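Chemist: build the 3D model from these lines:
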Amino acid sequence: AGFGNASKMHFRTLLLLGMLALIAADSAVPGYQSAQANHILFKEEEPVECEKTKALITALPKDQQFDAFTSYAKSLSKCPSGSNGGDLGEFGPHQMVAAFDSVVFASGKLQEVEGCVKTQFGQHLIWIRKRVYADGTDEPLP
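Modeler: Take a look at the predicted model:
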């Protein structure tokens, strides 16, 4: 007894779906339980100011960028956290608005200026200081 055409097609489909699931699992971004970040909030109508500030920070040597970021947060940020260098403390996934959360927990790099990220609050520059994996270990710093 052989497989009918419908059974062969069903088997191939299942095999392909299984292979795709393995590929997706292998390339999945690790889950995080928390992160620590700073940000600078600009009014929505200030995208040029956001881009200009990012350019000024990234033009500096790497070891001076975080200090510059926190200084700009103190002088420019429209968020109350600006008085503390933009420090948002520690927070978990889905505690921030979606666009911000996506940068912090998916696409953003540690110890770099990320943004300008547009949210309903305005334009953000983000500095991710630390991320903690779901198993409780820190993501290695670059």
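Chemist: so which helix or strand of the chain has the lowest pLDDT on average?
Modeler: Counting by mean pLDDT, DSSP states H and E, the weakest-scoring helix or strand in the chain turns out to be helix 5-27, with a mean of 49.
Chemist: whatever helix or strand comes next after it packs against which elements?
Modeler: With elements assigned by DSSP states H and E, the helix or strand that comes after helix 5-27 is strand 32-42. Counting contacts by 3 or more Cβ pairs under 8 Å, 6 or more residues apart in numbering; DSSP states H and E, strand 32-42 is packed against helix 47-58, helix 62-76, strand 87-91, strand 122-133. For the C-beta atoms, the positions are set from N, CA and C on the backbone; glycine is no exception.
Chemist: go again with 6 Å.
Modeler: The contact analysis (3 or more Cβ pairs under 6 Å, 6 or more residues apart in numbering; DSSP states H and E) places strand 32-42 against helix 62-76, strand 87-91, strand 122-133.
Chemist: in TSV: these, plus mean pLDDT, mean neighbour count and distance to Leu41.
Modeler: Formatted as TSV, the helices and strands packed on strand 32-42 follow (pLDDT from 0 to 100; neighbours: other Cβ atoms under 10 Å; distance: least, Cβ to Cβ, whole Å):
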stretch	mean pLDDT	mean neighbour count	distance to Leu41
helix 62-76	98	16	9
strand 87-91	96	16	10
strand 122-133	97	20	5
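Chemist: the ones you listed: which one's closest to Ala106?
Modeler: For Ala106, the closest of the helices and strands packed on strand 32-42 is strand 122-133, at 10.6 Å, according to Cβ to Cβ.
Chemist: so who does Val97 touch?
Modeler: Neighbour list for Val97: Thr119 [criterion: Cβ atoms under 6 Å, 6 or more residues apart in numbering].
Chemist: gap between the closest residue in space to Glu51 that isn't next to it in sequence and Glu49?
Modeler: Nearest non-adjacent residue to Glu51, counting by Cβ to Cβ, 6 or more residues apart in numbering: Cys116, 6.0 Å away. Remark: distance between Cys116 and Glu49 (Cβ to Cβ, to the nearest Å) = 9 Å.
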